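> Build the 3D model from these lines:
(one chain, ligands or ions: 1)
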Amino acid sequence: MTRAVSMKVVLTALALALISPTVSLAGPVTSAPDPAYGKVLAERLCSNCHLVSSAQEQVNVDVPSFHEIGNLQSQTEGSIMAKIVMPKHPMPVIPITKSELEDLAAYIMSLKDQETE
Ligand code: HEC
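Residues are numbered from 1 along each chain as shown. Have a look, this model is predicted:
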């Protein structure tokens, strides 16, 4: 009998463990793009080639820095995402989720200089 009870406890604990991550994940998926997380991703995935932040040394003169990319004429989050999904050689295809893509684009656009008119 004690065996059956402890089994039930284990199953309940297991069920809770399975449910709770789903609940906490529901937030980030629907929330607005997070440029701070985009920066973390950029430093991890893109800084081999791109100059991601000003704290970084120059990486490769042929690769545009994220500051330059954000400041390109008529650049938008959408055009940045398109270029990450369908990169121009020699930039490789990098497997990331849609939410990570949005965070990266939001981070790159946050580097755009303020308009001074
Ligand atoms: C292996 C090197 C490499 C890596 C890693 C890399 N890139 Fe690139 N990327 C390039 C090169 C080279 C170009 C320039 C291609 C061209 O237009 O000639 C480029 C271009 C781009 C452009 C287009 C700029 C424009 O508007 O013309 C975007 C946006 C971009 N990269 C974003 C990213 C992001 C975000 C990551 C990380 C998830 C990343 N790249 C990782 C090499 C790389």
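> Nearest the middle, which residue of the chain would you pick?
Glu100 (3.0 Å; C-alpha atoms, centre = their mean).
> Distance check, that residue against the ligand.
Glu100 sits 8 Å away from the ligand, taking C-beta to the nearest ligand atom, to the nearest Å as the criterion. For the C-beta atoms, the positions are set from N, CA and C on the backbone; glycine is no exception.
> With Ser79 instead?
The gap separating Ser79 from the ligand is 7 Å, by C-beta to the nearest ligand atom.
> and that residue, what element?
Using DSSP states H and E, Ser79 falls within helix 77-85.
> Repeat that for Val63.
Val63 belongs to no helix or strand when elements are defined using DSSP H and E.
> Give me every residue in this structure lying close to the ligand.
The interface of the chain toward the ligand, taken as C-beta under 6 Å from any ligand atom, is made up of 42, 45-46, 48-50, 63-64, 69, 72, 75, 80, 83-84, 88, 90-92, 94, 104.
> circling back to that earlier point, so what does the helix holding Ser79 touch, helix or strand wise?
Using 3 or more C-beta pairs under 8 Å, 6 or more residues apart in numbering; DSSP states H and E as the contact criterion, the elements in contact with helix 77-85 are helix 98-110.
> contacting residues around the helix it packs on?
Contact with helix 98-110 is made by 28-29, 33-39, 41-42, 46, 66, 69-70, 75-78, 80-81, 84-85, 96, as judged by C-beta atoms under 8 Å, 6 or more residues apart in numbering.
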